[in-house]
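S.K.: Compute the structure for the input listed below.
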Amino acid sequence: MLQIAALALVTGLLALTLRKEQPVFAFLVSVCGAGGVLLLVSREMSPLMDLVESLAGYAGTPYTGCILRVLGISLVMQFAADLCREAGLGAAAHATELGGRMLALLQALPLFQSLVGSLLSFLQ
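M.R.: Residues are numbered from 1 along each chain as shown. The predicted model follows:
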């Protein structure tokens, strides 16, 4: 956790220092710092993913993969939208978020179909 905080602090200070004179380099420093933070976090995610997969095995539901895909799409799209906002591209950020929502809904469609089917069978 301290590595992530230190990387974020150093990246922020470098980006603020470079922003006035070299805004392009400030953006690149910001993107590289965000990538570094994501790399550090992703290394720590493997035990959590193993736990989720083992719990999904106990539950016996086929929809755990669907939920994990939706979660992955939302995280990646949020990161991409934040990068677009950092670059001053607000319209691209909104389009990225909308596209991410649509992809997440498409991935969750089998789950919705199962839910509606269960509801209809309950009502009959």
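S.K.: quick one: which helix or strand includes the most centrally placed residue in the chain?
M.R.: The residue lying closest to the centre of the chain (Cα atoms, centre = their mean) is residue 75, at 0.9 Å. Secondary structure assignment for residue 75, by DSSP states H and E: helix 64-86.
S.K.: now do residue 11
M.R.: helix 2-19.
S.K.: got the buried residues for that helix?
M.R.: Neighbour-count burial for helix 2-19 flags 7, 11, 14, 15, 18 (criterion: 16 or more other Cβ atoms under 10 Å). Quick note: C-beta positions are derived from backbone N, CA and C, even for glycine.
S.K.: Nearest to residue 64, out of those: which one, please.
M.R.: Closest approach between the buried residues of helix 2-19 and residue 64, by Cβ to Cβ: residue 7, at 31.7 Å.
S.K.: distance of the closest one from residue 19?
M.R.: 18 Å (Cβ to Cβ, to the nearest Å).
S.K.: about what we covered before: just the pLDDT at the residue nearest to the centre of the chain, thanks.
M.R.: Model confidence at residue 75, given as pLDDT, is 87.
S.K.: Quick check: the gap between it and residue 16.
M.R.: Counting by Cβ to Cβ - residue 75 and residue 16 are separated by 26 Å.
S.K.: pull the helix or strand with minimum mean pLDDT from the chain.
M.R.: One helix or strand of the chain scores below all others by mean pLDDT, DSSP states H and E: helix 23-59, with a mean of 80.
S.K.: Next, the angle from that one to helix 64-86.
M.R.: Using axes from the mean of the first three to the mean of the last three Cα atoms, to 10 degrees, the inter-axis angle of helix 23-59 relative to helix 64-86 is 170 degrees.
S.K.: what helices or strands is helix 23-59 leaning on?
M.R.: helix 2-19, helix 64-86 (3 or more Cβ pairs under 8 Å, 6 or more residues apart in numbering; DSSP states H and E).
S.K.: Could you report the neighbour count for residue 90?
M.R.: Residues within reach of residue 90, counting by other Cβ atoms under 10 Å, total 11.
S.K.: quick one, what contacts it?
M.R.: Neighbour list for residue 90: residue 84 [criterion: Cβ atoms under 8 Å, 6 or more residues apart in numbering].
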